[in-house]
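> what's the 3D shape of this:
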Amino acid sequence: MKHDTRAPALFFAPFVSSTMRVEPQWIDYNGHLNMAYYHVLFDRAVDELLSLVGLSRDYVETRRASVFAVECHVLYRRELTESDLVRVTAQLIAFDDKRLHLYLEMRHANEGWLAATSENLSLHVDMVHRKVTPFPPDILANLALMKAAHSMMPLPATVGRITGMPKRSAIRVDETADERESEIETRH
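Numbers count the residues shown, from 1 in each chain. All right, here's what the predicted structure looks like:
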């Protein structure tokens, strides 16, 4: 019987990615990492995590199935600049027979400050029929091991956060000028 070297890593909480570098071509005209490349870095970390549970490139080729992102919510906390080194931690929040719910934090690798967070929902997809399909039993077993370890961690405060402006500060098109002026006078 072949020994599965991934199993011990499934018990670590949180998962910690390899160190990644902010590439010069990813810097935008504001002099910092363009928002699209935060996604690239998060995606690379997710690929590392998925490989631990058996969802690697080899899985796609041999089992003709993969994991597709269907929802992503990124919070940008602090700028990253050229050549910064980052690591991503990941927590498996929940899973079922077809879905994964992950929470990720991107931190500066040397100084430890939080650069961004990402909350993701992914689906397991049959690559031949391009339809959502259940995970096979061995993958579900690996996810269960990881979830058991990650359940010891507290639920992050931003999980399930809704995007939007606070009602008291948002300007609505349907407000009249008088209503806006009255609100401004009341605050002063």
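> pLDDT averaged over the helix or strand hosting residue 46, what's the number?
In this assignment (DSSP states H and E), residue 46 forms part of helix 35-52. Averaged over helix 35-52, pLDDT sits at 97.
> after that helix comes which helix or strand?
Proceeding N to C from helix 35-52, the next assigned helix or strand is helix 57-63, under DSSP H and E.
> tell me the secondary structure for residue 25?
Local secondary structure at residue 25 is given as helix here, using DSSP: H, G, I helix; E, B strand; the rest coil.
> any idea how many residues pack against it?
As a burial measure, the neighbour count of residue 25 was computed by other CB atoms under 10 Å and equals 8. (Glycine included, C-beta is placed from N, CA and C.)
> that one: what's it in contact with?
Listed by CB atoms under 8 Å, 6 or more residues apart in numbering, residue 25 has no contact partners.
> center of the chain - which residue?
By CA atoms, centre = their mean, the chain has its centre lying nearest to residue 118, at 3.6 Å.
> which strand residues bridge that one?
According to DSSP bridges, residue 74, residue 104 are recorded as the beta-bridge partners of residue 118.
> correct me, but it touches residue 77?
No. Between residue 118 and residue 77 there is no contact, the gap being 11.1 Å when judged by CB atoms under 8 Å.
> I'd assumed residue 144 was in a helix, is it?
Yes. Residue assignment for residue 144, taken from three-state DSSP, places it within a helix.
> and it, how many neighbours does it have?
Residue 144 is flanked by 13 other residues according to other CB under 10 Å.
> distance of the closest residue to residue 92 other than its chain neighbours relative to residue 72?
Distances taken as CB to CB, 6 or more residues apart in numbering place residue 150 nearest to residue 92, at 4.6 Å, with adjacent residues excluded. To residue 72, residue 150 is 19 Å away according to CB to CB, to the nearest Å.
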